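Visitor: Have a look at this prediction, sequence included:
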Amino acid sequence: MDATSFDPRPNYLRALDQLEKLLQQVTPEQLDRSTPCSEYTLRDLLSHTVGGVHRIAYVGEGGHSQDVAAATGEVGDGEWAPTLGRARERAVAAWADDTKLDRPSAVPWGTVPGRFALGGYIMEAVTHTWDIAQVVAPGTAFDDELALGALAIAQQVLPADQRDENVPFGPVRPAPADATPTTRLAAWLGREV
């Protein structure tokens, strides 16, 4: 497949579907637990993850991602799935126009065509879904095809030998030989699996 004709929107929606199913299982007593992202409690990680959907929606609307905080603000304990649903609607509307896939889009890693900006947010959504599942529903089965695509993106844009204090991911960690694609993605992005 030609990377310049790839449409990431269906896969982004699949990533959000997977995330939404998990958010429907969040309970209030889980919200202050630690996550694989050591700087975040589950509540913080949910805010960051749903905020990321708003951030890529803002980029699709023509904004610069650095102008938006990737956090949602106050969300009621049982409101995470509906909050994600509203963010998703915004993202769908923001990226509905096909011409936006080739428009220069400003994201944290640079100015890239919209299709590559959205591709990076697939990687983020899939990875944070794994992080959230470790607290909410360990053993969750993930979409392997989606994870393989996200892993390919991660390996291309975040090579193992280019991790330093300017990269918000730890060093690549080992993954078991029989690890799922989502677990391999988590390990590539520095999670202890």
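Guide: Everything's here; your move.
Visitor: buried sites along stretch 127-142?
Guide: Residues Thr127, His128, Thr129, Trp130, Asp131, Ile132, Ala133, Gln134, Val135, Val136, Thr140, Phe142 are the ones in stretch 127-142 that count as buried (16 or more other C-beta atoms under 10 Å). C-beta here means a position set from N, CA and C on the backbone, and glycine is covered the same way.
Visitor: got the contact list for that stretch?
Guide: The contact list for stretch 127-142 (C-beta atoms under 8 Å, 6 or more residues apart in numbering) reads 15, 18-19, 22-23, 25-27, 30, 33-37, 42, 45-46, 48-49, 52, 126, 150, 154, 180-183, 185-186, 189, 191.
Visitor: Now the buried members of those residues.
Guide: The buried subset of the contacts of stretch 127-142 - by 16+ other C-beta under 10 Å - is 15, 18-19, 22-23, 26, 30, 35-37, 42, 45-46, 48-49, 52, 126, 150, 154, 180-183, 185-186, 189, 191.
Visitor: what sits against Lys100?
Guide: Gly60, Ala94, Gly114.
Visitor: what about 6 Å?
Guide: Gly60, Gly114 (C-beta atoms under 6 Å, 6 or more residues apart in numbering).
Visitor: So what's the predicted local confidence for it?
Guide: Listed pLDDT for Lys100 reads 97.
Visitor: Assign a three-state SS to it, would you?
Guide: helix (DSSP: H, G, I helix; E, B strand; the rest coil).
Visitor: what about the helices in the protein?
Guide: Ranges of helices within the chain are 9-23, 42-60, 80-94, 114-136, 144-157, 181-188, based on DSSP state H.
Visitor: Redo those helices as TSV? Include mean pLDDT and distance to Arg103.
Guide: Below are the helices of the chain laid out as TSV (pLDDT from 0 to 100; distance: least, C-beta to C-beta, whole Å):
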stretch	mean pLDDT	distance to Arg103
helix 9-23	97	14
helix 42-60	95	9
helix 80-94	95	12
helix 114-136	96	5
helix 144-157	93	19
helix 181-188	95	27
